[in-house]
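**Student:** just coords:
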């Protein structure tokens, strides 16, 4: 089972690495990191590079596709190499998945038309214009399409996907090995939970958070 | 504020990237990834490389030190370059922190002697022989030392640390931007929570999980 994780400049690192660190432990699975060019790919803040070992053309039939989000997502919304690759690999994938604003790439490629999907809460209003049916849930499954909400939701998606692929016992064993019993020190991780002044502050910086520009 | 994240071959990627993706958003902070050699560093499973932009000798006075764990941790328990670097930077750090079995590196370097600390639950019995006082909590703070339990606990540690450094409102804003309102699909992330047969299966693979050998 080949799992392909797409990398592009200014992706959010955790969007890719959360699912990677879960799915790479599935029995019989191997993960490949794929980019327009092979080599280091700088993530959102710039101080971390992840390595794309393969180019898009080298990875033609992955079983599972994982599309992260991040500010650089905006550079690939048009009909370019990333969009064409997504459409091509989706023809034979078993699962096509995304984290955060990665679902906007899937939607822009025409893969979520009429399908229920989610994305980062700050970008939720961008799903419907791209033809998807926005759902305010942390992980949304519609057929073989699984989309996650912002950044850290990719970890919950990965465990959900691990269970669908390999069964609950395998997913739970990976969860225990990763000691994934989260205890956030604050209760502020969703618009509903966050203190009003924190919500207002983040909403005021919406464009910067989504684009870093 | 310079935050140095240590990289070494066969680290667990999420141990480093979870804290990175939180702490890199602290106002005025910048993160550097540092390794014995500059260049790509292969993580645990091998299919992902993170880039160390700096060598140990280039990063002499970071304000915050983050030490991830992972199978490769065992290669640096002796009095080598990593251990010597940890002792050197700890002299001037504001915070010295670890995720997962990274605390064993801190302890082996003599930095946790007599201090309360935690680590991956499968490695908890290794703390006391190294002079630390093992505590079965997800995030443990003792003075300027903050240690996290296995893998995903590094995210909770990072938000705890963000709050200590920049205040609750800043930590909560980062939490909201990361949509960190975790909802694991299973309840199996700790030895107490996991179904008995899952716990037994993971314990039976203890040596492989900790060393991948």
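**Tutor:** Arrived safely. The structure presented is a predicted model; accordingly, all values stated were derived computationally and were not measured.
**Student:** and the lowest-mean-pLDDT helix or strand in chain A, anywhere near chain B?
**Tutor:** The weakest-scoring helix or strand in chain A, judged by mean pLDDT, DSSP states H and E, is helix A:206-211 (a mean of 84). Yes - residues of helix A:206-211 are located near chain B by CB under 8 Å from any CB of the partner chain, namely residue A:209. Just so you know, the C-beta spots here come from the backbone N, C-alpha and C atoms, and that holds for glycine as well.
**Student:** From the rest of the structure, what touches that helix?
**Tutor:** A:71, A:74, A:101, A:120, A:122-123, A:202, A:213, B:177 (CB atoms under 8 Å, 6 or more residues apart in numbering or on different chains).
**Student:** 7 Å instead?
**Tutor:** A:71, A:74, A:122-123, A:202, B:177 (CB atoms under 7 Å, 6 or more residues apart in numbering or on different chains).
**Student:** pLDDT weak spots in chain A?
**Tutor:** A:213 (pLDDT under 70).
**Student:** That one: strands as residue ranges?
**Tutor:** Under the criterion DSSP state E, strands of chain A are mapped to A:2-6, A:30-35, A:39-42, A:49-52, A:54-55, A:64-67, A:95-98, A:116-117, A:133-134, A:139-142, A:145-148.
**Student:** What helices and strands are in contact with the lengthiest helix in chain A?
**Tutor:** Under DSSP state H, the helix in chain A containing the largest number of residues is helix A:153-166. In terms of contacts (3 or more CB pairs under 7 Å, 6 or more residues apart in numbering or on different chains; DSSP states H and E), helix A:153-166 is packed against helix A:13-23, strand A:95-98, strand A:139-142, strand A:145-148, helix A:168-177.
**Student:** Repeat the analysis, applying 6 Å as the threshold.
**Tutor:** helix A:13-23, strand A:139-142, strand A:145-148, helix A:168-177 (3 or more CB pairs under 6 Å, 6 or more residues apart in numbering or on different chains; DSSP states H and E).
**Student:** could the ones you listed be laid out in a markdown table, adding distance to chain B and mean neighbour count?
**Tutor:** Output for the helices and strands packed on helix A:153-166, formatted as a markdown table (distance: least, CB to the nearest CB, whole Å; neighbours: other CB atoms under 10 Å in any protein chain shown):
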| stretch | distance to chain B | mean neighbour count |
| --- | --- | --- |
| helix A:13-23 | 4 | 29 |
| strand A:139-142 | 8 | 20 |
| strand A:145-148 | 9 | 28 |
| helix A:168-177 | 4 | 23 |
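**Student:** Any idea which of those gets closest to residue A:79?
**Tutor:** strand A:145-148 (20.1 Å; CB to CB).
**Student:** What is the closest one packed up against?
**Tutor:** When contacts are defined as 3+ CB pairs under 6 Å, 6+ apart, strand A:145-148 packs onto strand A:95-98, helix A:153-166.
**Student:** Looking at these, which is nearest to residue B:138?
**Tutor:** helix A:153-166 (15.3 Å).
**Student:** still on that earlier bit, please produce TSV containing the strands of chain A, extended by distance to residue B:132.
**Tutor:** Listed next are these as TSV, based on distance: least, CB to CB, whole Å:
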stretch	distance to residue B:132
strand A:2-6	36
strand A:30-35	34
strand A:39-42	36
strand A:49-52	32
strand A:54-55	42
strand A:64-67	37
strand A:95-98	40
strand A:116-117	46
strand A:133-134	48
strand A:139-142	37
strand A:145-148	36
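**Student:** so which of those comes closest to residue B:147?
**Tutor:** Residue B:147 lies closest to strand A:49-52 among the strands of chain A, at 25.8 Å (CB to CB).
**Student:** residues in contact with the closest residue to residue A:175 other than its chain neighbours?
**Tutor:** Closest residue in space to residue A:175, ignoring its immediate chain neighbours: residue B:188 at 4.6 Å, by CB to CB, 6 or more residues apart in numbering or on different chains. Counting by CB atoms under 6 Å, 6 or more residues apart in numbering or on different chains, residue B:188 touches A:172, A:175-176, B:194, B:198.
**Student:** ok, 7 Å please
**Tutor:** Taking CB under 7 Å, 6+ apart, one finds A:172, A:175-176, B:194-195, B:198 in contact with residue B:188.
**Student:** do residue A:56 as well
**Tutor:** A:34, A:36, A:81, A:85.
**Student:** Pretty sure residue A:199 sits against residue A:192.
**Tutor:** No - in this structure, residue A:199 is not within contact of residue A:192 by CB atoms under 7 Å, at 9.1 Å.
**Student:** who's more crowded, these two?
**Tutor:** For residue A:199 and residue A:192, the more surrounded residue by other CB atoms under 10 Å in any protein chain shown is residue A:199, and the numbers stand at 18 against 10.
**Student:** about what we covered before: grab the two from the contacts of residue B:188 that are most spread out in space.
**Tutor:** A:175 and B:195 (10.8 Å).
**Student:** In JSON lines: the contacts of residue A:56, plus distance to chain B.
**Tutor:** Below are the contacts of residue A:56 laid out as JSON lines (distance: CB to the nearest CB, whole Å):
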{"residue": "A:34", "distance to chain B": "11"}
{"residue": "A:36", "distance to chain B": "17"}
{"residue": "A:81", "distance to chain B": "22"}
{"residue": "A:85", "distance to chain B": "19"}
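**Student:** Mind putting the residues you listed into CSV with distance to residue A:206 and neighbour count?
**Tutor:** Shown next, in CSV, are these (distance: CB to CB, whole Å; neighbours: other CB atoms under 10 Å in any protein chain shown):
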residue, distance to residue A:206, neighbour count
A:34, 30, 24
A:36, 28, 18
A:81, 28, 14
A:85, 29, 22
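**Student:** State the distance from residue A:195 to chain B.
**Tutor:** 7 Å (CB to the nearest CB, to the nearest Å).
**Student:** tell me the contacts of that residue?
**Tutor:** Residue A:195 neighbours (CB under 7 Å, 6+ apart): A:188, B:172.
**Student:** Quick check: phi and psi at it.
**Tutor:** Residue A:195 adopts backbone torsions of phi -60, psi 140, taken as degrees, to the nearest 10.
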